[in-house]
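In: Sequence first, then the predicted structure:
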Amino acid sequence: MIGRLWGTGTALLVASIILLSFFNYEIPTPLVYLTALAFFGGAGVFIFTRGLTIYVIKRCLGAVFVMWVIATLTFVLLRTLPGGPFDSEKALPPEILENLAKKYKLNEPLINQYGDYMYNLLQGDLGQSYKYINRGITSIIAESLPNSIQLGVYALIISYMIGIPMGILAGWKRGSWVDFSSMMVAMSGQSLPSFLIAPIFIMVFAKQLGWLEPALWEGPTYYIIPMVVLGIRPAAVIARLTRASVLEVIHSDYIRTARAKGLDQKTVLFKHVLRNSLIPVLSLSGPLAAAILTGSFVIEQIFAIPGIAKHLVLSVTNRDYPLILGTTLLFSLILVVANLVTDLLIAIVDPRVKMG
């Protein structure tokens with residue numbers, strides 16, 4: 001009972017922060033601290049009471065190893081690929097190139113560069129950008145990442161709000177017009193690329209109807225089109241997966257037993273079918289959340305959103321080694337954390353899951 005109340009309270013706090021950010025209200029600092037305390041405190045109690053402490057420690061150690069491998073491979077590949085960060089159409093004088101290489105220690109042996117980078121990384125220093133003069137990678141990420149996270153969270157909410165009900169109705173009404181129409185919409189949403197859907201939404205809702213803004217990231221009217229466009233494809237994936245899961249659960253023995261006891265259709269659907277059908281959907285949530293963030297590159301470019309995508313694209317174009325490494329490690333960390341949180345959510349939804 002206490003766990004449910006704690007979970008409900010935490011969900012309400014998170015929802016309050018999301019709503020305040022969506023309507024561009026200033027989020028009170030005490031609310032942020034209270035939400036963090038409720039989330040991490042509840043997670044810690046759950047991990048301890050369910051005997052998952054060793055499991056989480058192992059996963060964290062594994063995450064550290066994965067991040068080290070990614071950092072090492074990315075560092076080596078960037079240094080061994082042809083070209084350099086200061087190559088351009090107009091060749092710089094040798095004296096300037098030598099001074100730049102000395103400033104950023106690019107003239108030192110590769111092993112020394114790697115050692116310096118890993119030492120600074122352990123201290124939380126991602127280095128200085130080669131193209132943004134006198135700007136640290138940490139400040140660049142801190143400035144642009146909140147917009148990308150905001151867009152990703154909104155798109156993820158939209159995808160679940162559309163995909164789960166559509167998949168449940170399609171699976172529950174298998175063979176009906178609801179099933180066929182829902183799956184047709186899902187197939188269309190999964191097949192059509194974002195760069196095609198985005199101009200259509202801009203033409204209809206921004207130009208012709210004038211309801212929403214076509215670009216930038218300055219308020220609720222600017223948020224709706226990008227988050228819907230970004231959430232359409234994940235919603236289609238969720239709808240198809242939910243439908244398949246519902247069809248599998250419906251034919252289970254315990255569902256036939258529930259119906260034999262005389263339970264009404266709503267009770268069977270929401271108490272038995274829905275809860276067990278969400279487990280495969282939750283298992284997809286980690287990679288899906290990371291895919292939404294990494295898949296927002298096109299959306300951020302189309303709608304001129306000042307997010308992390310712009311810096312990642314430009315860093316690759318400019319061969320800005322520290323910025324490439326910083327953004328790569330950031331998205332890798334998001335994927336690792338999302339997968340861990342997903343596993344814990346599965347354990348919450350299905351108590352039968354044991355992670356020793």
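Out: Thanks, I have it. Because the structure is a prediction, the values reported are computed rather than measured. Numbering: from 1, shown residues only.

In: how much space between L145 and S332?
Out: Separation of L145 from S332 (Cβ to Cβ, to the nearest Å) stands at 14 Å. The way it works is simple: take the backbone N, C-alpha and C, and place the C-beta from them, glycine included.

In: Point out where the stretch 251-356 of the chain drops to low pLDDT.
Out: 294-295, 349-356 (pLDDT under 70).

In: Would you map the helices across it?
Out: Assigned by DSSP state H, counting those that start in this stretch, the stretch 251-356 of the chain shows helices spanning 253-260, 265-267, 274-294, 296-302, 308-318, 321-349.

In: List the contacts of G163.
Out: Shown in contact with G163 (Cβ atoms under 8 Å, 6 or more residues apart in numbering): A186, P234, A235, A236, V237, I238, A239, T242.

In: looking at those residues, which has the most residues close by?
Out: Within the contacts of G163, neighbour counts (other Cβ atoms under 10 Å) peak at A239, which reaches 29 neighbours.

In: How about the contacts made by that residue?
Out: I162, G163, I164, M166, G167, A170, S182, M183, V185, A186.

In: By neighbour count, which of the residues you listed wins?
Out: G167 (28 neighbours).

In: Identify the residue spatially nearest to that one, adjacent ones excluded.
Out: T242 (2.6 Å; Cβ to Cβ, 6 or more residues apart in numbering).

In: Quick check: the one you found touching L274?
Out: No: counting by Cβ atoms under 8 Å, T242 stays clear of L274, with 9.4 Å between them.

In: Quickly list what's touching both of these two.
Out: Residues touching both T242 and L274 (Cβ under 8 Å, 6+ apart): I168.

In: ok so, going back, surely the residue nearest to G167 is in a strand?
Out: No: T242: not assigned to a strand; according to DSSP: H, G, I helix; E, B strand; the rest coil it is helix.

In: Can you tell me how far it is from I17?
Out: T242 is 27 Å from I17, by Cβ to Cβ.

In: Do a quick rundown of the strands in the stretch 51-200 of the chain.
Out: With DSSP state E, counting those that start in this stretch as the criterion, the stretch 51-200 of the chain has no strands.

In: where along it do the helices fall?
Out: Chain-ordered helices for the stretch 51-200 of the chain, with DSSP H, counting those that start in this stretch as the definition, fall at 53-80, 94-103, 110-122, 137-172, 177-191, 194-201.

In: Comparing those, which comes out most buried?
Out: Per residue and on average, the most neighbours among those fall to helix 137-172, with a mean of 20 (mean count of other Cβ atoms under 10 Å).

In: What's the mean pLDDT across that helix?
Out: Averaging pLDDT along helix 137-172 yields 89.

In: Stretch 72-88 too?
Out: Rounded mean pLDDT across stretch 72-88 is 81.

In: hang on, the earlier thing: can you convert the helices of the stretch 251-356 of the chain into a markdown table and add a column each for distance to P193 and mean neighbour count?
Out: Listed next are the helices of the stretch 251-356 of the chain as a markdown table, based on distance: least, Cβ to Cβ, whole Å; neighbours: other Cβ atoms under 10 Å:
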| stretch | distance to P193 | mean neighbour count |
| --- | --- | --- |
| helix 253-260 | 38 | 12 |
| helix 265-267 | 38 | 11 |
| helix 274-294 | 14 | 19 |
| helix 296-302 | 8 | 20 |
| helix 308-318 | 16 | 19 |
| helix 321-349 | 21 | 19 |
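
In: need those in TSV with distance to L100, can you?
Out: What follows is the helices of the stretch 251-356 of the chain, written out as TSV (distance: least, Cβ to Cβ, whole Å):
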stretch	distance to L100
helix 253-260	68
helix 265-267	69
helix 274-294	31
helix 296-302	29
helix 308-318	13
helix 321-349	12
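
In: so which of the ones you listed gets nearest M227?
Out: Counting by Cβ to Cβ, M227 lies closest to helix 296-302 out of those; the figure is 8.7 Å.

In: From the chain's centroid, how far away is that closest one?
Out: How far helix 296-302 lies from its chain's middle: 14 Å, per Cα atoms, centre = their mean, to the nearest Å.
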